[in-house]
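# Structure for the following, please:
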Amino acid sequence: MTALLKISNLHVEIEDKEIVHGINLEIKPGEVHVLMGRNGSGKSSFSNTIMGHPAYKISKGTITYNDETINNLKPNERAKRGIFLSFQYPMSIPGVTVANFLRQANKALKGNEISPRDFRKMLYEAMDELDIDHSFATRYINEGFSGGEKKRMEVLQMALLEPKLAILDEPDSGLDIDSLKLVAETINKYKAKHSQVSILLITHYQRILNYIKPDKVHVISDGKIIESGEASLAQKLETKGYEWLVEKEGVS
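Numbers count the residues shown, from 1 in each chain. Coordinates of the predicted model:
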């Protein structure tokens, strides 16, 4: 099967300093890949580069998505092609309701005008599928939301935009055990309905993998992927820590 996303010898700079050093990665349709690493290892820099953040300059290598080299595409062009990035720290937007925000996002990416009534029906159906209360539709974006609610709103946005590739940047960050389980269940429900969506899940910890089962686990350190393996690799990291692998690979 042809890869949906193929990263080849990717080098990335920010303010003339190289922060990603030759990453190679392939994700096929329907696969769930997990990228793990310590703080400052390059996880978020890598995800922002895939999404086309202008601060991150590709100095060498290619990002191929759906058989198209997208190195020079702007973030909105990548989003229209079906790439989605959830935020590690979702912003609050006072005065903008969840329903209005999602309707405008849907229009911007899909280019189709949906009446408020039809969109509300579509939104409620997505909320029901993900077990999200309808009252969230009238709340202002992330204002007064708990950490878990913010992360579930990111998954709801993903559900309505229906990407081919979803990059989830630390969806477990700052969550307690109950919230973590709810967020993981929300992701699993979306994946069950959209079996061909590919997911790149970025995390520090193995705990979310108790609920979301990956096809591959990759470990990044100092802007390089230093190890790849099955789900058991994450469990080994939980027991032995990152230092074991960093020392094994001789990486700083």
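
# Just the helices from the stretch 101-250 of the chain, written as ranges.
116-129, 147-161, 177-193, 231-249 (DSSP state H, counting those that start in this stretch).

# Output the first one as CSV, restricted to C-alpha atoms.
Output of helix 116-129 as CSV, limited to C-alpha atoms (Å, rounded to 0.1, in the frame of the first residue of the first chain):
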residue,chain,number,x,y,z
PRO,A,116,-27.3,27.2,9.8
ARG,A,117,-30.1,24.7,10.3
ASP,A,118,-28.4,22.0,8.2
PHE,A,119,-25.0,22.6,9.8
ARG,A,120,-26.5,22.4,13.3
LYS,A,121,-28.0,19.0,12.4
MET,A,122,-24.6,17.8,11.1
LEU,A,123,-22.9,19.2,14.2
TYR,A,124,-25.4,17.5,16.6
GLU,A,125,-24.9,14.2,14.8
ALA,A,126,-21.2,14.4,15.2
MET,A,127,-21.6,15.4,18.9
ASP,A,128,-23.9,12.4,19.5
GLU,A,129,-21.4,10.0,17.9
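
# buried stuff in it?
Buried residues in helix 116-129, counted by 16 or more other Cβ atoms under 10 Å: Phe119, Met122, Leu123, Ala126, Met127. No exception for glycine: its C-beta is placed from N, CA and C like everyone else's.

# on that earlier part again, and among the helices of the stretch 101-250 of the chain, the most buried is which?
Comparing the helices of the stretch 101-250 of the chain by mean neighbour count (mean count of other Cβ atoms under 10 Å), helix 147-161 comes out on top with a mean of 22.

# That one vs helix 116-129, what angle?
For helix 147-161 against helix 116-129, the angle by axes from the mean of the first three to the mean of the last three Cα atoms, to 10 degrees is 120 degrees.

# for helix 147-161, packing partners?
strand 83-86, helix 98-110, helix 116-129, helix 177-193 (3 or more Cβ pairs under 8 Å, 6 or more residues apart in numbering; DSSP states H and E).

# one step back: how about TSV for the helices of the stretch 101-250 of the chain, with distance to His218 added?
Output for the helices of the stretch 101-250 of the chain, formatted as TSV (distance: least, Cβ to Cβ, whole Å):
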stretch	distance to His218
helix 116-129	30
helix 147-161	21
helix 177-193	18
helix 231-249	9
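
# one step back: for Asn142, find the nearest of the helices and strands packed on helix 147-161.
Closest to Asn142 of those is helix 98-110 (Cβ to Cβ; 8.7 Å).

# Tabulate the CA atom coordinates of that closest one in CSV.
Output in CSV follows, covering the C-alpha atoms of helix 98-110 (Å, rounded to 0.1, in the frame of the first residue of the first chain):
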residue,chain,number,x,y,z
VAL,A,98,-18.4,26.5,19.0
ALA,A,99,-21.1,26.2,16.4
ASN,A,100,-20.2,29.3,14.5
PHE,A,101,-16.5,28.6,14.6
LEU,A,102,-16.9,25.1,13.3
ARG,A,103,-19.3,26.2,10.6
GLN,A,104,-16.8,28.8,9.3
ALA,A,105,-14.0,26.3,9.4
ASN,A,106,-16.0,23.8,7.5
LYS,A,107,-16.9,26.4,4.9
ALA,A,108,-13.2,27.6,4.5
LEU,A,109,-11.9,24.1,4.0
LYS,A,110,-14.6,22.4,2.0
